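S.K.: quick check, what structure comes out for this input:
(2 chains)
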Amino acid sequence: KQEVTQIPAALSVPEGENLVLNCSFTDSAIYNLQWFRQDPGKGLTSLLLIQSSQREQTSGRLNASLDKSSGRSTLYIAASQPGDSATYLCAVSSGNTPLVFGKGTRLSVIA
Amino acid sequence: DGGITQSPKYLFRKEGQNVTLSCEQNLNHDAMYWYRQDPGQGLRLIYYSQIVNDFQKGDIAEGYSVSREKKESFPLTVTSAQKNPTAFYLCASSEVLGGYTFGSGTRLTVV
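M.R.: Predicted coordinates:
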């Protein structure tokens, strides 16, 4: 059964710092991987979707990489801002099975 | 604008009562999903449907029921058999094997 782990569980950084969030998964036979952002009490907002044939995706200050063989993905956030404070969730899909989520990384960016 | 609408935003259930959470999408997505989120537990899959008039149980289906009579709608009923229903409920939709779009969630509280 697929399991997704996110490290660290919480992270606090000063404004302007570049940072990396980590995601690992146990079954490398994935179809795609998706990164989400969740603000307190809100739904999930999709940030990046990486298909299994891709190595990375970029959107603005965000860059997500995927290494299927090692079962890892990273989300890189450049020049962090207080507005980036949120919980970031990683989720993987294996073929026809629904997304399996990690427990998230709670990020605080201090001004 | 295309998206997913969940209602109500807040819902209160008395002991022994069934309640129904609404989820409607206008994205023309074939697949729809219900997840439950508890503090520190991440998102757990309740039910999903990949086509009208068909649905499958997820990891925590006991005490819940669904229907998929229309492509746009996937209501979730929390029955009296669900002993600990207090949680944040999230509905999502996707093209089969595509990225997921989430609604803004319903917070259910037992009173």
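S.K.: any buried residues in stretch A:86-96, and which?
M.R.: Within stretch A:86-96, the residues that count as buried by 16 or more other Cβ atoms under 10 Å in any protein chain shown are A:86-94. Where C-beta positions appear, they are placed from N, C-alpha and C, glycine not excepted.
S.K.: swap that for stretch B:96-111, please
M.R.: Neighbour count says stretch B:96-111 has B:98-106, B:108, B:110 buried, by 16+ other Cβ under 10 Å.
S.K.: related to what we said a few turns ago, can you narrow the buried residues of stretch A:86-96 to ones near chain B?
M.R.: A:89, A:91, A:93 (Cβ under 8 Å from any Cβ of the partner chain).
S.K.: as CSV, those with pLDDT and secondary structure would be great.
M.R.: What follows is these, written out as CSV (pLDDT from 0 to 100; DSSP: H, G, I helix; E, B strand; the rest coil):
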residue, pLDDT, secondary structure
A:L89, 97, strand
A:A91, 97, strand
A:S93, 94, strand
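S.K.: chain A: strands as residue ranges?
M.R.: Using DSSP state E, the strands of chain A run over A:4-7, A:10-14, A:19-25, A:32-38, A:44-51, A:56-59, A:62-67, A:72-77, A:86-93, A:100-101, A:105-110.
S.K.: for the record, mean pLDDT for the first one?
M.R.: Per-residue confidence for strand A:4-7 averages out to 96 on the pLDDT scale.
S.K.: same check, this time on stretch A:55-66
M.R.: pLDDT averaged over stretch A:55-66 gives 97.
S.K.: where are the low-confidence patches of chain A?
M.R.: Along chain A, the model assigns pLDDT under 70 to no residue.
S.K.: chain B contacts on that one?
M.R.: So far as Cβ under 8 Å from any Cβ goes, chain A lies against chain B at A:31-32, A:34, A:36, A:41-46, A:49, A:89, A:91, A:93, A:95-96, A:98-104.
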